[in-house]
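Engineer: Got a sequence here, can you model it:
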Amino acid sequence: MRKVLVSACLMGRRVRYDGRAKPVGDDTVTRWREEGRLVVHCPEIAGGLPVPRPPAEIEPGADAADVLAGRARVLTPEGADVTDHFVSGAHSALATAQTHGVVLALLKESSPSCGLHVVYDGTFEGRKVPGEGVTAHLLREHGVAVFNENEVARAAERLRTLERG
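Structural biologist: As a prediction, the model looks like this:
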């Protein structure tokens with residue numbers, strides 16, 4: 001059976017920076033849980049960040065590839081550098097995915113770790129820009145199909161395709 005890595009906050013775990021969860025209420029995800037497919041993971045917690053914690057964003061003008069290559073940082077509004085936590089958490093997510101034979105991931109959009117299509121612009125003014133989070137980028141670069149919480153149907157179709165082989 002193929003496994004799915006899923007952001008812990010989407011499963012109702014209170015691991016977000018603000019101590020909240022963002023549970024995804026979807027029958028497909030419920031079925032995957034019942035089938036034992038889900039591997040629940042929070043890269044930010046795995047990277048050593050506490051709950052709650054200050055919000056963090058990739059610095060303006062940079063992207064996840066820059067962060068992973070050491071050319072950019074992930075910062076809090078006060079300017080604290082939390083890059084190492086995000087990079088470590090991304091590598092932890094990849095190791096978890098590889099250990100469990102994960103073929104796709106369902107991640108929380110807009111997060112500096114898990115965002116797939118958009119992330120905050122680094123100014124802490126609530127503006128989003130096209131881009132990926134550090135974990136989403138690393139997983140994709142290693143062949144894991146990544147989807148956000150609004151793409152469960154597409155993720156399910158991809159899983160069916162992979163299982164048909």
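Engineer: Can you pull up the most central residue in this protein?
Structural biologist: Geometric centre of the chain, nearest residue: Cys114, 2.3 Å, by C-alpha atoms, centre = their mean.
Engineer: For it, which residues are in contact?
Structural biologist: By C-beta atoms under 8 Å, 6 or more residues apart in numbering, the contact set of Cys114 is Ser7, Pro43, Leu107, Lys108, Gly133, Thr135, Ala136, Asn148. Just so you know, the C-beta spots here come from the backbone N, C-alpha and C atoms, and that holds for glycine as well.
Engineer: Just give the closest residue to it, not the sequence neighbours.
Structural biologist: Leu107 (3.6 Å; C-beta to C-beta, 6 or more residues apart in numbering).
Engineer: for the record, mean pLDDT for the helix or strand containing Val129?
Structural biologist: Using DSSP states H and E, Val129 falls within strand 128-130. Summarised as a single mean, pLDDT over strand 128-130 is 97.
Engineer: That one pairs with which strands, parallel or anti?
Structural biologist: strand 118-120 (antiparallel) (DSSP bridges).
Engineer: what's the nearest residue to Val67 if we skip its chain neighbours?
Structural biologist: Distances taken as C-beta to C-beta, 6+ apart place Val134 nearest to Val67, at 5.2 Å, with adjacent residues excluded.
Engineer: Got the phi and psi for that neighbour?
Structural biologist: Per-residue torsions, Val134: phi -60, psi -50 (degrees, to the nearest 10).
Engineer: just to revisit the earlier point, can you say which two of the contacts of Cys114 are spatially most distant?
Structural biologist: Farthest-apart pair in those is Pro43 and Asn148; separation 14.6 Å (C-beta to C-beta).
Engineer: Could you give the backbone dihedrals for Ala64?
Structural biologist: Dihedral pair for Ala64: phi -60, psi -40, per degrees, to the nearest 10.
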